[in-house]
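Asker: what's the 3D shape of this:
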Amino acid sequence: MAETRQAETHGFQTEVKQLLHLMIHSLYSNKEIFLRELVSNASDAADKLRFKALSDSKLIADDAELRVRVSVDKEAGTITISDNGVGMTRDEVMSNLGTIAKSGTSEFFSKLSGDEAKDSRLIGQFGVGFYSAFIVADSVLVRTRAAGSQSNEGVEWSSQGEGEFDLRLIEKAQRGTDIILQVRDDAQDFLDESRLKGIITKYSDHLSIPVQMPERDDDGKATEWKAVNSGQALWTREKSDIGDDEYKEFYKTIAHDFEDPLLWSHNKVEGTQEYTSLLYVPKRAPWDLWNREQQHGIKLYVKRVFIMDDAQQLMPTYLRFVRGLMDSNDLPLNVSREILQDNKVTRAMRSGSTKKVLGMLKKLARDDAEAYQEFWNTFGTVLKEGPAEDHANQEKIAELLRFASTHEDKTEATVSLDAYLERMPEQQDKIYYIVADSYEAARDNPALEIFRKKGIEVLLLSERIDEWLMSHLTEYKEKAFQSVTRGDLDLGDLEDEEAKQQQEELEKTFEEQVKRFESALGDKVKSVRVTHRLTSSPACIVTDENDMSTQMAKLMEAAGQAVPETKYIFELNPEHTLVQRVVSVEDEAKFSEWAQLLLDQATLAERGSLKDPAQFVTRLNRLMMELTDL
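Answerer: Modelled structure (predicted):
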C-alpha cells in the first residue's frame, strides 16, 4: 500500500454537515443516483485532462488511454470508482470536497422545508454530486494526484460523513482519482456487479469516455477490463435514434439535476459554420440563477473534445438557466477564452443558440400555456434582462414576457403583450403600464382611476427589475409603452371632446387655487396642476417625463448609487370633497398644513414611504384634533 503521512483533521463547512445528515438519512428515494454522479465527475476529470494535454502532451504521455473504472470487493464491502483524469492538488481537494458548490449554501438551507420529497429535489440544484456517495456509504476514501505532479504529491481525503474529514499527503504512482466507498449495511445490494452494470448502462451509456468493469471467468476471477457503456457521445448520434429517456438521462448527467428537463432541442447546423447543439431548459432554477457572474451551463466541445464547461460566449446572460453543450467543427482544438470572445464562429453559434432557445419557449407558450406559466414563474425575472442585453432579439423576447394587469384577478403575471393588443380598444395607440413596489401597490395606485373608469387595461409591474426593463423596452409592434405615473396624461382618441372641454374649464376655474398650493408648498414640488387621472382620490404625484422615475431611483439607491433628488408634479382633483374643503380654509398657515398633508398622502401612495414619517404623523394628529375639537 502507498506510504501515507500524518493526517490533518478539518471540520466540514456547517452547511455540508447539514447536507450529509439529510443524505445519510435516506433523503434520496433513488439511491442509485450516487453512481451516476461519481461516474459523471470521473468522466469530466478525463475530459479536462484531454483538453490540457492539447497544450502539454507530457501530462498524458505515460497513460494516454483515458477511462473510468468501477469495481467491487464483496469481502471488503467496497465499491471503487477510479479515473486516470486530471486529478486534484491538495488545495483543490480542500476546495472541492470541503464545501458545497463553494457558495450559495445559506440560501440552499433557507429553502429546506422539512418535507423530504421536496428537499431531495432541491439538493440537485446545488451542485453536490460528490456528496451523494454518502447515500450508500458509511465512509468515503478519496485518493488523488494531479496530472503533472510528482508521485509524492498525492492526496488522501477520508470522512465518515459527520463533522470532520481527514487530509494527508500520500505516495500515488498514477495520476487521477480513486473513490472508495465503504458500503452501508442497508445498501449491500449495490455490491452486485450486474446491478452496477445496469446502472451505468442506464445513466452513463452516452459518455464518450469508456466506463469499464472487470470481465470474469467461470471461477469469478477478473480477466480483463471491458467497457460497459457504448462510448458514443449522445449528441453525435442521429436524433431519430435517440429516445426521450436517453435525452432526459443525459440532461441529468450534465446538469447534475435530479428532475427531468422541461424542454430540449438537438440540432446539427451545416453550411458556412458546422456545429451541433443540445440545449435544455430545466424545470427548476439552479441555486445560482441570480448571480450573473456565476458559471453558465453550456459546455463547449471541439470535434467532440471537451474544451470548457462555462462557455459564456455561447449563450447570453439572460438565458443563463439553459443547460447543454455545443460541439464545433470550425474552432481550433486549443481554443482559448480570449479567442472565444472575438470570434465569428462563436458569434454565429451564440446567435443560433439564442434563436433556438427563444423559439423553443415560443412554441411552449403557444402549445401549452400551463407549462409555460410554470416556466415563467421560475425564470421570468431573468428573461426580463433580455430586452436591455439583446436588442437584436428584443421583440422576440417581449413576445415571451408575461404581466399582471387590471383586467385580471391574479397576482401572478399571466398576460402576454399580444393578448393585451388583441383586447385593447381600436382607438388606443399606447400600451399603458405602472411600476410599483408590490402588486397591491400597483393595483391600488390612484393614477389608475381614470383608466378603470374608461375600461382601459393597464399592465401592473411590481418586480425590482421592471423599471429597468421598461427603460429599454420602449415599444412593441409599433405601439409605444406609456407609464401612467409619468408626464402629461394624453389618452388621445380615447378621450371625447366633451370631456376635454370640461377639463379645460375646470383648469381655468381652479387656476388661482393651483397658485395658492404652489405658494404653500414652495420648492417641495416641481409644479402643481389639475389632474386628468383621478376620479375618487384627492391628489397624486407624478414624475416629469424627463426626470428619473420613482422605481428607477429606488433601484439605484439599492445598488448604492448616488441619486439626484426628484421633485414631483403634484396633481389635484378639484371635484374631490376634501380638496374643496381645504381650499375653503382661509387661514394660510392652516391651509399650508393641509396642503402638505395632501402631498404626504400622495407621496406615500406613490413611493410607499416618506422621508420624515414622524412629522407626517404629528401633522395628521394635529389636524385631526382640530377637526374633532379634542
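Asker: Could you give the bridge partners of Ile179?
Answerer: Counting by DSSP bridges, Ile179 is bridged to Ile81, Val142.
Asker: can you check the one 4 residues further on too?
Answerer: Going by DSSP bridges, Val183 is paired in beta bridges with Ala137.
Asker: That one: neighbour count?
Answerer: By other CB atoms under 10 Å, 21 other residues sit near Val183. Where C-beta positions appear, they are placed from N, C-alpha and C, glycine not excepted.
Asker: Quick check: the gap between the residue sitting furthest away from the middle of the chain and Arg516.
Answerer: Most distant from the centre of the chain: Glu586, at 58.3 Å, with distances by CA atoms, centre = their mean. With distances taken as CB to CB, to the nearest Å, Glu586 is found 11 Å from Arg516.
Asker: Which parts of the stretch 1-150 of the chain are helices?
Answerer: Remark: helices assigned in the stretch 1-150 of the chain by DSSP state H, counting those that start in this stretch are 14-24, 33-52, 90-97, 105-110, 116-123.
Asker: Show me how the protein divides into domains.
Answerer: Domain assignment for the chain by automatic domain parsing gives 8-215, 235-367, 402-491, 494-628.
Asker: possible to save these as a markdown table with mean pLDDT?
Answerer: Below are those laid out as a markdown table (pLDDT from 0 to 100):
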| stretch | mean pLDDT |
| --- | --- |
| domain 8-215 | 81 |
| domain 235-367 | 85 |
| domain 402-491 | 90 |
| domain 494-628 | 86 |
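Asker: So for Val228, which of those domains sits nearest?
Answerer: Closest approach to Val228 among the domains of the chain is made by domain 8-215 (4.7 Å; CB to CB).
Asker: Show me the contact partners of stretch 605-612.
Answerer: Stretch 605-612 has contacts (CB atoms under 8 Å, 6 or more residues apart in numbering) with 436-438, 441, 444-446, 485, 537, 540-542, 550, 568, 600, 603-604, 616.
Asker: and the residues you listed, which are buried?
Answerer: 436-437, 441, 445-446, 485, 537, 540-542, 550, 568, 600, 603, 616 (16 or more other CB atoms under 10 Å).
Asker: Pick the one among those residues closest to Asp429.
Answerer: Nearest member of these to Asp429, counting by CB to CB, is Thr485, at 18.9 Å.
Asker: Stretch 74-83: which residues count as buried?
Answerer: The neighbour-count check on stretch 74-83 (16+ other CB under 10 Å) flags Gly77, Thr78, Ile79, Thr80, Ile81, Ser82, Asp83 as buried.
Asker: quick one: which of these is nearest to Ile298?
Answerer: For the buried residues of stretch 74-83, the minimum distance to Ile298 (CB to CB) is 23.5 Å, reached by Asp83.
Asker: Next one: Gly386 from Glu249, what distance?
Answerer: Here Gly386 is placed at a distance of 30 Å from Glu249 (CB to CB).
Asker: helices or strands next to the longest helix seen in the chain in the packing?
Answerer: When the chain is parsed with DSSP state H, its longest helix is helix 344-367. With contacts taken as 3 or more CB pairs under 8 Å, 6 or more residues apart in numbering; DSSP states H and E, helix 344-367 sits against strand 263-269, strand 275-281, strand 323-328, helix 369-383, helix 394-400.
Asker: could you dump that helix to PDB, C-alpha only?
Answerer: Below are the C-alpha coordinates for helix 344-367, written out as PDB (Å, rounded to 0.1, in the frame of the first residue of the first chain):
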ATOM      1  CA  LYS A 344     -17.100  34.900 -35.900                       C
ATOM      2  CA  VAL A 345     -17.700  31.200 -35.300                       C
ATOM      3  CA  THR A 346     -18.700  31.700 -31.700                       C
ATOM      4  CA  ARG A 347     -20.800  34.700 -32.600                       C
ATOM      5  CA  ALA A 348     -22.700  32.600 -35.100                       C
ATOM      6  CA  MET A 349     -23.100  29.800 -32.600                       C
ATOM      7  CA  ARG A 350     -24.300  32.200 -29.900                       C
ATOM      8  CA  SER A 351     -26.800  33.800 -32.300                       C
ATOM      9  CA  GLY A 352     -28.100  30.400 -33.400                       C
ATOM     10  CA  SER A 353     -28.400  29.000 -29.900                       C
ATOM     11  CA  THR A 354     -30.200  32.100 -28.700                       C
ATOM     12  CA  LYS A 355     -32.800  32.000 -31.500                       C
ATOM     13  CA  LYS A 356     -33.200  28.200 -30.900                       C
ATOM     14  CA  VAL A 357     -34.000  28.700 -27.200                       C
ATOM     15  CA  LEU A 358     -36.300  31.600 -27.800                       C
ATOM     16  CA  GLY A 359     -38.100  29.500 -30.500                       C
ATOM     17  CA  MET A 360     -38.500  26.600 -28.000                       C
ATOM     18  CA  LEU A 361     -40.100  28.900 -25.500                       C
ATOM     19  CA  LYS A 362     -42.400  30.500 -28.100                       C
ATOM     20  CA  LYS A 363     -43.600  27.000 -29.100                       C
ATOM     21  CA  LEU A 364     -44.200  26.000 -25.500                       C
ATOM     22  CA  ALA A 365     -46.200  29.200 -24.800                       C
ATOM     23  CA  ARG A 366     -48.300  28.500 -27.900                       C
ATOM     24  CA  ASP A 367     -48.800  24.800 -27.300                       C
END
